[in-house]
Structures are given as C-alpha cells and as structure tokens.
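Asks: what follows is a predicted protein model with its sequence.
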Amino acid sequence: MSSALKKVRSGDPLVIPAAAYNAFIDAALDFRQRTAHLGQGAQPSFSQASIVLVRNDSGSNQNRMAVLGVEVPIIDPSANEEEFRNRVALSCITPATDTHEGRFVVLAEPIANGKIGRAYAAGVCPVKIDVPDEEHEWRYAEIADGITGNLKVSMQGSAGILWRAGGTGVQWAVVRLGQPVPMHVFPVELTQVGGEQGDEENPATWTYDVLDVVTGETLASGVDPVASPHKWQRPSVGQMIAATFGYAHYQPSDAGEMELVLGWINEMVDQEACPDSGGG
C-alpha cells in the first residue's frame, strides 16, 4: 500500500497528503458518474439480467429493447482464444424462425448498425410482445420471424411472461429470458361430440372437444384423436367407450403456429361381462 494512503490511529494528527486527497476525489467522481443515471431508466440494472456486448449486424439502426437473433461470436476462438475467453461479444441479426428460437437478445440501449452495445441475454427485462387474442392464458413468448420490435406470445417459448399490459396487440411486458421451455405435457378433459362407437367390423370414430382441466376453456373442437398430428391409436375393429380424459402437448405446425396434439386418451374397449358359468 502506498504510504500516501496509510491509515491513522485514534489520537494521531490528521495530515492528508496531496496524493491521498486526490485519490479520495477520484473515488468520489467515479461514484458520481456510476450513479448519475439511477432512477432515470437510461442505464440497465446489472442485477436484473446478464448483460453481454453485441454488434448490430441487422442492416439497420435498432432501438433500445429491440430483439435480435444471435449469430456468432465477434471474436473467433480459433483466431484469438485468449480474447475470446476474456470477453463475450456476439454478432446479432434480425431474428428468423427455425433459427433463433431461444437464441436472441434484447438490446439494453440503442445500437446503430454495425456498432457494438449492451444487451440482455438472460434474466428479467422489459420487452414488447404481440398478443393475438385473449382466449388463451399466454405464459411464454418467442421471437417473431423478421421482426425486431417485439416478441410474440406462444404456448411454449424461451421467455416466460411475468407481466403484460393486457388486451391484444403489441404491448409492454416483463419477461424472464432463459432456456427454451421443453415440451410440456398437460392433462385435458374430453367431451365426445361426434362419431360412432364401432362394432365387430368397423373401428370407432369418436371425436372430441378438448378442454383445459383448470379453466374449462375449450382448447380445440371436433378433434379426431387418431388423425394427424394426434398420436392416439385405436383397435381396428370393436366397440369403444368414449374418452373423458387425456394428456396433450403443443408443437409447431407446418405453418409455424403452435398446434395441440393429443398423445393419450382414456378410451376403452367395451367388453361385455363374462356369462356366469355357475362354478365356484
């Protein structure tokens, strides 16, 4: 330790060398600079989320809270391994479906095209989301193809929605960024609405409305559980008792939307009781 910054004991005369006084001033100026924007919303809170450096390679200037898909590290480890280990810096572009799900950042500050700035990569942050309807209890959000201004709600996604403004359309939300949510299998109630029971020569053809077991909300109507994309398999012939319960999950459709898939339902073969043989 420099003698200029040597501590004194109680009772010693207080003599402050110029070097020590200047060090105090430097520390005070540094503290003032780092706290000058607190409460103004201009500086992201590093305790809220993981902040990384990103380069905006989208081809256009991006506003604060814009969404960009992660492409590659700016520093190639094969070219400079030491610098790669010392600093995380990512090249980011306009998000694309089937590429950037779970691989995106939210900008913590405006970044001009080709420039480097800070972005949220994990944790809690504000961002805009697009809500098409209020028929579902939207809990997750994911990238929207070709859109940097917002995420879109989804039945599964890599951003958990902690709060949103409400209603439909593009709106502010608070989300938790993280890993993509794995396939979530959940229970459903089934109401038989069509089809036939089947017989010795023909298979059953029951169809169902699928309902949320908690809210009673209709998730899908007139579902044939043996038609694509559903996974249920029936006997080729025989009478079947209609189902009342099952398990389902969501998966992306060919159109890029999330579709409900029935995996198992409690249909049962209608077996007649065995005749009484009169034995013990």
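Replies: Everything's here; your move.

Asks: show the contacting residues for the closest residue to Gly194 other than its chain neighbours.
Replies: Counting by Cβ to Cβ, 6 or more residues apart in numbering, Gly194 lies nearest to Thr207, which is 4.2 Å off, once chain neighbours are set aside. Glycine gets a C-beta too; all of them are placed from N, C-alpha and C. Counting by Cβ atoms under 8 Å, 6 or more residues apart in numbering, Thr207 touches Gln192, Val193, Gly194, Gly195, Gly222, Val223, Asp224, Pro225.

Asks: quick one: the helices in the stretch 1-150 of the chain, in order.
Replies: Ranges of helices in the stretch 1-150 of the chain, per DSSP state H, counting those that start in this stretch, are 18-35, 81-86.

Asks: between the ones you listed, which gets nearest to Pro110?
Replies: Proximity to Pro110, assessed across the helices of the stretch 1-150 of the chain by Cβ to Cβ, is greatest for helix 18-35 (20.3 Å).

Asks: scan the protein for its longest strand.
Replies: Longest strand in the chain by number of residues, with DSSP state E as the criterion: strand 116-131.

Asks: what comes up buried for that one?
Replies: Residues 117-121, 123-131 are the ones in strand 116-131 that count as buried (16 or more other Cβ atoms under 10 Å).

Asks: ok, so of these, who is nearest Val269?
Replies: Distance to Val269 across these (Cβ to Cβ) is lowest for Val131, with 43.6 Å.

Asks: surely that closest one is in contact with Gly169?
Replies: Yes. Using Cβ atoms under 8 Å, Val131 is in contact with Gly169, at 6.5 Å.

Asks: send the alpha carbons of the worst-scoring helix or strand of the chain on mean pLDDT over as PDB?
Replies: Among the helical and strand segments of the chain, the one scoring lowest on mean pLDDT, DSSP states H and E is helix 18-35, with a mean of 74. Once non-C-alpha atoms are left out, helix 18-35 reads as follows in PDB (Å, rounded to 0.1, in the frame of the first residue of the first chain):
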ATOM      1  CA  ALA A  18      -1.900  15.500  -1.800                       C
ATOM      2  CA  ALA A  19      -1.800  12.000  -3.300                       C
ATOM      3  CA  ALA A  20      -4.300  10.700  -0.700                       C
ATOM      4  CA  TYR A  21      -6.700  13.700  -1.200                       C
ATOM      5  CA  ASN A  22      -6.600  13.300  -5.000                       C
ATOM      6  CA  ALA A  23      -7.400   9.600  -4.600                       C
ATOM      7  CA  PHE A  24     -10.500  10.500  -2.500                       C
ATOM      8  CA  ILE A  25     -11.600  12.900  -5.200                       C
ATOM      9  CA  ASP A  26     -11.100  10.300  -7.900                       C
ATOM     10  CA  ALA A  27     -13.200   7.800  -6.000                       C
ATOM     11  CA  ALA A  28     -16.000  10.300  -5.400                       C
ATOM     12  CA  LEU A  29     -16.100  11.300  -9.100                       C
ATOM     13  CA  ASP A  30     -16.200   7.700 -10.100                       C
ATOM     14  CA  PHE A  31     -19.100   7.000  -7.800                       C
ATOM     15  CA  ARG A  32     -21.000  10.100  -9.000                       C
ATOM     16  CA  GLN A  33     -20.500   9.000 -12.600                       C
ATOM     17  CA  ARG A  34     -21.700   5.500 -12.000                       C
ATOM     18  CA  THR A  35     -24.800   6.600 -10.100                       C
END
